[in-house]
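Undergrad: Just a sequence and a predicted model for now, questions to come.
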Amino acid sequence: MALAHAGLKAWAKVGNLQFPPEKRYALLQEIMRYCAWECLLACCFTQADRLERIADMLDAASPRYACTRARLAARRNRYGRPRLCPPYLQAMSAAKRWPVCEDEANSVYNRGMTQMDSLWFSNPTQAYQDWQAREAAGADRRPFSARSIIQHQAMFEHFRRHLLARGTTIASFGTADVDAFWQTPNGRTYSQATRMRYVKLLDRLCRHLVFAGVRQDNPAATLLTAERWPDQEPTPQFLTEAEDGRLQAYLKLPPDDLASLRSQAIVAAFLGTGITAAEARAAHCADLRLDATPPYLVVRA
């Protein structure tokens, strides 16, 4: 941790770079991961060598900041001040151009990215499932329950399909895409609690993607400050006595075809048993005991 802070401070000092706490935290995480991968705490490295290696890694990962550091270092040298930039920045300043990559997989933005991290570009659904199973956790760093993981994956897929329809991706969406998500037919029906769950999911996701090098920012961070959990429970919704009577009368009508019979049977099962949609999806044919008096449905815990 001390080496990560020292490396970030030395790197930012050359370009007078200032970062918000969220970006600073992401950079520190990236530096610590790099230090562990390169074993920079080994005795064979001097402190100056460690700081130079960290600076080279950050310059390669963030060419925009590297160019700023190069320009400022060259300006300092022009006014007779000591040049503080390493040879890598001197070469960039002399060439006055960005380092060019052959393809996106080998770009400076993705350099050091693991194969699993690069899966966010090719198969985000699989990447999200893997992240949920291996690393994702709640605010108290406790792993999510199996039911929560299923719910989160469904929410992620819903949002991903929305981005696909808008022609953007998980790696490039912004606050405008999230605002448009609230205006979809389903989004308009979301309660305050559902919106909060979506924003917290997107915030967790974007923080992970920034750490992995897939994204440069977290558009959900500002939305998280604007959303609030509801102060009171929602008002229960139920049928009036007249509506319940009309529904039961409809279920007693002879069906027109097989599709109508199926629909009436489903509604009758929900009305007669009081089960939830999740319990119905988890039920098996053997759980329905039609030979009993009266018939009943076994709901598994």
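TA: Perfect, thanks for sending it. Bear in mind that the values here come from a model prediction, so they are computed numbers and not experimental data.
Undergrad: From now on I want contacts and neighbour counts done on CA atoms only, so please keep to that.
TA: Will do.
Undergrad: Contacts only, for residue 217.
TA: Residue 217 sits next to 23, 206, 210 when contact means Cα atoms under 8 Å, 6 or more residues apart in numbering.
Undergrad: quick one: it is in a strand?
TA: No: going by DSSP: H, G, I helix; E, B strand; the rest coil, the assignment for residue 217 is coil, not a strand.
Undergrad: measure it to residue 243 for me?
TA: Distance of residue 217 to residue 243, computed by Cα to Cα, to the nearest Å: 50 Å.
Undergrad: now swap in residue 34 and tell me
TA: From residue 34 to residue 243 the distance is 64 Å (Cα to Cα).
Undergrad: cool, and residue 155?
TA: In terms of Cα to Cα, residue 155 sits 32 Å off from residue 243.
Undergrad: Please pick the buried ones from the contacts of residue 217.
TA: 23, 206, 210 (16 or more other Cα atoms under 10 Å).
Undergrad: In JSON lines, list these along with secondary structure.
TA: Output for the buried ones among the contacts of residue 217, formatted as JSON lines (three-state DSSP):
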{"residue": "23", "secondary structure": "helix"}
{"residue": "206", "secondary structure": "helix"}
{"residue": "210", "secondary structure": "helix"}
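Undergrad: quick check, nearest of those to residue 280?
TA: residue 206 (33.7 Å; Cα to Cα).
Undergrad: In contact with the closest one: list those residues for me.
TA: By Cα under 8 Å, 6+ apart, residue 206 lies in contact with 215, 217, 218, 219, 220.
Undergrad: what pLDDT does residue 105 get?
TA: Residue 105 carries a pLDDT score of 40 in this model.
Undergrad: What sits closest to residue 220 if chain neighbours are left out?
TA: Distances taken as Cα to Cα, 6 or more residues apart in numbering place residue 203 nearest to residue 220, at 5.0 Å, with adjacent residues excluded.
Undergrad: Dead centre of the protein: give me the residue that sits there.
TA: Taking Cα atoms, centre = their mean, the centroid of the chain lies closest to residue 205, which sits 1.6 Å from it.
Undergrad: who's more crowded, residue 155 and residue 243?
TA: residue 155 (15 against 11; other Cα atoms under 10 Å).
Undergrad: For the more buried one, give me its contacts.
TA: Contacts of residue 155 by Cα under 8 Å, 6+ apart are residue 198.
Undergrad: Show me where the stretch 151-300 of the chain has its helices.
TA: Applying DSSP state H, counting those that start in this stretch to the stretch 151-300 of the chain gives helices spanning 175-182, 192-212, 220-226, 241-251, 258-273, 277-282.
Undergrad: Now that we have those, can you turn them into CSV and tack on mean pLDDT and distance to residue 165?
TA: Output for those, formatted as CSV (pLDDT from 0 to 100; distance: least, Cα to Cα, whole Å):
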stretch, mean pLDDT, distance to residue 165
helix 175-182, 93, 11
helix 192-212, 89, 18
helix 220-226, 83, 20
helix 241-251, 90, 37
helix 258-273, 87, 31
helix 277-282, 82, 28
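Undergrad: Please identify the most buried of those.
TA: Greatest average neighbour count among these goes to helix 192-212 (a mean of 19), per mean count of other Cα atoms under 10 Å.
Undergrad: relative to helix 175-182, how tilted is that one?
TA: With axes from the mean of the first three to the mean of the last three Cα atoms, to 10 degrees defining the directions, helix 192-212 sits at 150 degrees from helix 175-182.
Undergrad: The residue nearest to residue 220 against residue 227, yeah?
TA: No: counting by Cα atoms under 8 Å, residue 203 stays clear of residue 227, with 12.0 Å between them.
Undergrad: Spatially nearest residue to residue 171, not counting backbone neighbours?
TA: residue 215 (5.4 Å).
Undergrad: Tell me how many other residues surround that neighbour.
TA: Count around residue 215 with other Cα under 10 Å applied: 18.
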